[in-house]
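**Q** Let's see this in three dimensions:
(chains A, B and C)
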Amino acid sequence: MIAWSATALKTGAQKQVDNGDIGDRIYKLAVELFPFCRSITGNGVRETLKLIRRELPDLRIHEVPSGTKCFDWTVPPEWNITDAFIIDPDGNKLADFQKSNLHVVGYSVPVDKTISREQLEAHLHSIPDQPDAVPYVTSYYEERWGFCLTHRERERLKPGQYRVFIGSTLEPGSLTYGELIIPGKSEDEVFLSTYICHPSLANNELSGPTVTTYLAKWISGLRQRCYTYRIIFVPETIGSITYLSHNLDHLKRHVVAGFNVTCVGDERSYSYVPSRAGDTLADRVALYVLKHLAPDFVQYTYLDRGSDERQYCSPGVDLPVVSVMRTKYREYPEYHTSKDDLTLISPSGLFGGYEALRHCLLCIEHNETLQVTVLGEPQMGKRGMYKIGSKGRDAGMRRIMNLLAYCDGRQDLLSVAETIGEPMWELSDVVSMLKEEGLLKALR
Amino acid sequence: MIAWSATALKTGAQKQVDNGDIGDRIYKLAVELFPFCRSITGNGVRETLKLIRRELPDLRIHEVPSGTKCFDWTVPPEWNITDAFIIDPDGNKLADFQKSNLHVVGYSVPVDKTISREQLEAHLHSIPDQPDAVPYVTSYYEERWGFCLTHRERERLKPGQYRVFIGSTLEPGSLTYGELIIPGKSEDEVFLSTYICHPSLANNELSGPTVTTYLAKWISGLRQRCYTYRIIFVPETIGSITYLSHNLDHLKRHVVAGFNVTCVGDERSYSYVPSRAGDTLADRVALYVLKHLAPDFVQYTYLDRGSDERQYCSPGVDLPVVSVMRTKYREYPEYHTSKDDLTLISPSGLFGGYEALRHCLLCIEHNETLQVTVLGEPQMGKRGMYKIGSKGRDAGMRRIMNLLAYCDGRQDLLSVAETIGEPMWELSDVVSMLKEEGLLKALR
Amino acid sequence: MIAWSATALKTGAQKQVDNGDIGDRIYKLAVELFPFCRSITGNGVRETLKLIRRELPDLRIHEVPSGTKCFDWTVPPEWNITDAFIIDPDGNKLADFQKSNLHVVGYSVPVDKTISREQLEAHLHSIPDQPDAVPYVTSYYEERWGFCLTHRERERLKPGQYRVFIGSTLEPGSLTYGELIIPGKSEDEVFLSTYICHPSLANNELSGPTVTTYLAKWISGLRQRCYTYRIIFVPETIGSITYLSHNLDHLKRHVVAGFNVTCVGDERSYSYVPSRAGDTLADRVALYVLKHLAPDFVQYTYLDRGSDERQYCSPGVDLPVVSVMRTKYREYPEYHTSKDDLTLISPSGLFGGYEALRHCLLCIEHNETLQVTVLGEPQMGKRGMYKIGSKGRDAGMRRIMNLLAYCDGRQDLLSVAETIGEPMWELSDVVSMLKEEGLLKALR
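**A** Numbers count the residues shown, from 1 in each chain, chains lettered A, B, ... in the order given. This next block holds a predicted model:
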């Protein structure tokens, strides 16, 4: 059984104390990974995974060839890029890929020509409402090319001829993903999935892979685990579909709870997207932890989904996967723009996401179905657990008696904790003590 | 599959556009039928059904002999009447049946004598609180005679001798009802029942038979139907009991949803009385349609019942029958008085009732259990259904993806539509397109 | 079938009319029992049970030897006491047991010595916040001695030597309890449990045994009973555990509903603690009766438990036992102090508790699963139960038709009464009449 850590989250406190500087270390990893030009395939993904493997030496990196059929999809050609820019009529360089990889539309085909401003316009993307933000745009499955820039810059473009250059390749190659399996006592698995396809963007999405890396480090460091942990770093959509198509039977047999780790880096809020079923162990644990950690968390429905739970919870797949997030994709103004940068996330924000997810995992590890071993209330007096009685009993005794009153061998500890209104992490010592006294036994 | 009509109701709009002048045509039929002296038996019923058969040539008219045992009941003698009046001491004619058939108590035995005002009083009915309204009174199963008049007129009656005349007959005959069966692909049936026993009254009840007539015309005109439609025009209570006693086994085996059509003619409100079970397909459809058509509809309980659902939902009968109404019987001041006349109903009111019920039928026809044919989300891009992506997706795409996300082969389309918050009639085209693409298949 | 009594409680009226002076008689019994020094064992319990046997001659008194193992517990030595007091330095007698048996800590070991004020302090109990109240303190399972006094008196204690005397014995003996079984037609049982271990305290707890005594007298006086009644007078906790350990299999097989009778004597409120399961027949009946009798009753949860339901509802025991109370233990300031005396309870308060519980028993006796014997509505007209119809029906007819509409052979009468919103005691005559008419039959 994993011990609850010394940094156990304080019930109801929005900010957690980070004794281990975990938040700083996650943030530093994000800083290192930020410049890489990630997409759903290509060397940016490989470099990202290599850096993560520095932290997680057992990470296995898989390559799935372009053209591989995965359910309704096909792994696309591999995309790589070295440079991209526009030269305006005055010779100024605009939309410079070297300055930000967001300037080029993801999966742009190569181009090198001179065109009029009017012709250029059809290939430009900007956001009139956010004139200082560069939008993040991709076109994976339709061959296009294009540039993204601020609306303010776009409005300054003069008539004349523009040179456009995109030094990309779109060729047979492979889709790259990382997989880490950390064995536990049981073959049953807890599943973590995060995505490594977004270029220089922070909350959505370097927070997911970096927090997941540190969750994996923490899990690996535990002395014993009830569950086996399956942790994957995949490109969104095509990556999760590819992974599912290769592992579906195993996942359906073994996964007891899963978390799609995304948008766990800012400080503004906590939020939750349920699984499609809505009542899986992952849902129950997520709701339980957020209710205690951040009672004012935002509860979305599955209609608000938008990440890989779309695949994990699709009909016929039906895995118990939820999202426990800080501020959710699509729900903040910087989403999918250059403003979702390293100033949007913080060590404290990342640590909050890490702690919320870590406590979900702890709740799953600690969950078991307990049964009281005696009929009627146990006599606590003869065990030295009952003081001379006047008005009422103290809170500690009440917690013990409530626990014993509900451990009936039918409901699990999570359900008991919900009923008696106690944080599961504060019941742990009591459960251990009552097991030692022979008053509780686990049926799991 | 029936196409949703061009006049499909606008979601949330209380008034529907009536391109086909359906409301006017229903109203005209009500005007024609208004003068007939209907009761639970007799020639008024026969004339009413003959006129309806002009609109619905396949209507079969049944005669059930007086004395026939029907469950706990017996078909009563047939009642007919040609004239009725009172002559006051001054020779004035009062309560003249020729002016309004409400003046005579329904099923009055014949009488022709001269009596004192005091003796007359025991046979008079009026409403002190509504001194200008003639009440509607019947006495089917106890032999009586009586007159109904305004309270104002009653208070003016002078002492003296009054001649009372009722030219009625109560003799062995039969109970008359109409039945129309419109076959569909399936032997499963949708059941419509309305009643033709009320004399010159409009909302309760010529609105029911006239709207039902036009619903039947619309159903008959459809090119194909999933369901068979069973539509009956019966006297209330004894008629539905008679019909049930002859058809119960068939109805229990085949009826998937039924509607008791009554009070569908005024413009004041929409309302709903559930079946006794409360969760049948008819209940789900009625609630769904009213929620979209008239969100401020009045939701009654089965305790507020008062029409033939009393028979259709009785223990052991247990048919899935509900009432979707405009303003409900007993809930408006003109109810069961001479004030419930042709000014109380209107083409627009009748059309609203017609549209609400027609959309219920459409929802039933379109309901099916769909299953997505691929694992994971389908790749919409390769089907040309996915545009270059920046922030979010458009509403149309979101509707498609939501539909695919919930079509899991377990819940029916009505349930999916409820979950994703879309009017079923706006999902129809999407369902067809996705079936053509091979992405959805029907399990029904 | 038991007839509803003439003093049937008036729906919604907080005060019931007590035609039989039941409240006065219960109160007089409480006055008689008040001075006895009850504890969980000893002669105070025996005297109490003897006085109750005067009212209930069939009460069997059981003795269970000290040392008997009962589940996790052991019957303790028997405690008896003849006198106790403190003599202060000036020779004044304080904490005089002859004046109030609350002055000595329950189960105090014998003591007779002279000690300093400082030494005495460790053995004193008082309530600083309630300086005029003597607390009620016990120490059953740890050998101690002590005195209880008002805080005001304690603060006046001068330095000096104090003589302390407790003339108690703690020796092998037995635990004494009373049991009354009143047979009925069925072997299924209704179970009443109350406790006789509190010394001179009134609401908690002489109200329980005295009200239970009068409930038992009422039950015994009934001409016929559907159920067998099992009524026990036990010391709290160890008594119920002892009883369960000897009778568990029988109780689990036969008890359909049970009530822990406690705190039924004051006039301030009505309240309810559910069983652990929360949805047993006892719960349904308690909620139903309180909703009609005292709509503003206080509804607690099982987390607020504190009496013998802790044993009766414990995992593996799982009996359907609830508490229907006036003001609940721990929820009033006088609780477990000398202020919970005969002025806190009243004839009217006790009668209210008696009536609430008696109506629970009546509801259980009258509950049965009824089925209407005809299909469709019965023809009430031919049975002379239907008047000439104009607007609506009268309330009595509506009640009859509602009852018939829901008696479908599936739900019990309690559920029907809940659905149709009628007090069960007002449906009794209607049910009898409809059975006589052959329109309803009982399936029980």
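**Q** Next, the contact list for A:Ile61, please.
**A** A:46, A:49-50, A:53, A:176-178 (Cβ atoms under 8 Å, 6 or more residues apart in numbering or on different chains). (Glycine included, C-beta is placed from N, CA and C.)
**Q** nearest to chain B, of these?
**A** A:Tyr177 (15.3 Å; Cβ to the nearest Cβ).
**Q** Okay, the closest one and A:Ile238: tell me how far apart.
**A** As judged by Cβ to Cβ, to the nearest Å, A:Tyr177 and A:Ile238 stand 10 Å apart.
**Q** which residue does the stretch 101-250 of chain A bring closest to chain B?
**A** A:Tyr141 (3.6 Å).
**Q** residues near A:Val273, how many?
**A** Under the neighbour criterion other Cβ atoms under 10 Å in any protein chain shown, A:Val273 is assigned a count of 28.
**Q** Any idea what it is bridged to?
**A** A:Ser323 (DSSP bridges).
**Q** Can you name the residues in contact with stretch A:430-444?
**A** Contacts of stretch A:430-444 (Cβ under 8 Å, 6+ apart): A:366, A:368-374, A:378, A:383, A:399-400, A:403-404, A:407, A:409, A:413.
**Q** And for stretch A:205-219?
**A** So stretch A:205-219 is contacted by A:22, A:25-27, A:29-30, A:33-34, A:48, A:52, A:55-56, A:180, A:182, A:192, A:194-198, A:225, A:229, A:231, A:233, A:236, A:261-266, A:326, A:345, A:349-350, A:353-354, A:357-358, A:361 (Cβ under 8 Å, 6+ apart).
**Q** I figured A:Pro320 hits A:Asp279, correct?
**A** No - applying Cβ atoms under 8 Å, one finds A:Pro320 not in contact with A:Asp279, separated by 9.2 Å.
**Q** Quick one: residues contacting the residue in the stretch 301-444 of chain A positioned nearest to chain B.
**A** When distances are taken as Cβ to the nearest Cβ, the stretch 301-444 of chain A reaches nearest to chain B at A:Pro315, 3.5 Å away. Neighbouring residues of A:Pro315 by Cβ under 8 Å, 6+ apart: B:371-372, B:405-409.
**Q** Point out where chain A drops to low pLDDT.
**A** For chain A, applying pLDDT under 70 flags the ranges A:1-16, A:386-393, A:444.
**Q** center of it - which residue?
**A** A:Val261 (0.9 Å; Cα atoms, centre = their mean).
**Q** interface residues of chain A facing chain B?
**A** Listed as neighbours of chain B in chain A under the rule Cβ under 8 Å from any Cβ of the partner chain: A:70-74, A:105, A:125, A:135-142, A:144, A:237, A:240-241, A:244-245, A:248, A:276, A:302-303, A:305, A:310-311, A:313-318, A:330, A:335-336.
**Q** Pull out the buried members of those residues.
**A** A:70-74, A:105, A:125, A:135-141, A:144, A:237, A:240-241, A:244-245, A:248, A:276, A:302, A:305, A:310-311, A:313-315, A:317-318, A:335-336 (16 or more other Cβ atoms under 10 Å in any protein chain shown).
**Q** Show me the helices in the stretch 251-400 of chain A, by range?
**A** A:281-293, A:309-312, A:347-366, A:395-406 (DSSP state H, counting those that start in this stretch).
**Q** Which residues does the second one contact?
**A** With contacts defined as Cβ under 8 Å, 6+ apart, helix A:309-312 is touched by A:193, A:237, A:240-241, A:244, A:258, A:260, A:273, A:275-276, A:302, A:317, A:319, A:321-323, B:376-377, B:401, B:405.
**Q** Am I right that A:Leu248 is in a helix?
**A** Yes - the assignment for A:Leu248 by DSSP: H, G, I helix; E, B strand; the rest coil puts it in a helix.
**Q** check contacts around it.
**A** Residues in contact with A:Leu248 (Cβ under 8 Å, 6+ apart) are A:317, B:375.
**Q** I'd like the distance between it and chain C.
**A** 39 Å (Cβ to the nearest Cβ, to the nearest Å).
**Q** Check A:Asp304 too.
**A** 33 Å.
**Q** Check A:Gly160 too.
**A** Distance from A:Gly160 to chain C, by Cβ to the nearest Cβ: 77 Å.
**Q** Cross-check the contact I'm expecting between that residue and A:Asn92.
**A** No - using Cβ under 8 Å as the test, A:Gly160 is too far from A:Asn92 to be in contact (11.4 Å).
**Q** Specify the beta-bridge partners of A:Ser168.
**A** Here A:Ser168, judged by DSSP bridges, has bridge partners A:Ile81.
**Q** Next, count neighbours for it.
**A** Count around A:Ser168 with other Cβ under 10 Å applied: 22.
**Q** likewise the one 4 residues further on?
**A** Other residues lying near A:Pro172 total 11 when counted by other Cβ under 10 Å.
**Q** Now do the same contact list for it.
**A** Here A:Pro172 is in contact with A:65-67, A:77-78 (criterion: Cβ under 8 Å, 6+ apart).
**Q** Likewise for A:Phe165?
**A** A:83-87, A:111-112.
**Q** In strands, which of the residues you listed fall?
**A** Applying DSSP state E to the contacts of A:Phe165, the entries found in strands are A:83-87, A:111-112.
**Q** Mind checking which of the contacts of A:Ile61 land in strands?
**A** Short answer: the contacts of A:Ile61 in strands (DSSP E) are A:176-178.
**Q** and those as TSV, adding neighbour count?
**A** Output for the ones in strands among the contacts of A:Ile61, formatted as TSV (neighbours: other Cβ atoms under 10 Å in any protein chain shown):
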residue	neighbour count
A:Thr176	25
A:Tyr177	26
A:Gly178	25
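**Q** Between these, which sits nearest chain C?
**A** A:Gly178 (46.0 Å).
**Q** who does the closest residue to that closest one other than its chain neighbours bridge with?
**A** Spatially, and ignoring its direct neighbours in sequence, A:Gly178 is nearest to A:Phe233 (3.9 Å; Cβ to Cβ, 6 or more residues apart in numbering or on different chains). Legend: beta-bridge partners of A:Phe233 under DSSP bridges are A:Gly178, A:Thr194.
**Q** who's in contact with A:Phe233?
**A** A:48-49, A:52, A:59, A:177-179, A:194-196, A:209, A:212.
**Q** Check A:Gly265 too.
**A** A:30, A:202-203, A:206-207, A:210-211, A:326, A:344-346, A:349-350, A:353.
**Q** In ChimeraX, how would I select just the buried ones from the contacts of A:Phe165?
**A** Of these, the buried ones go into a single ChimeraX selection, burial set by 16+ other Cβ under 10 Å:
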select /A:84,85,86,87,111
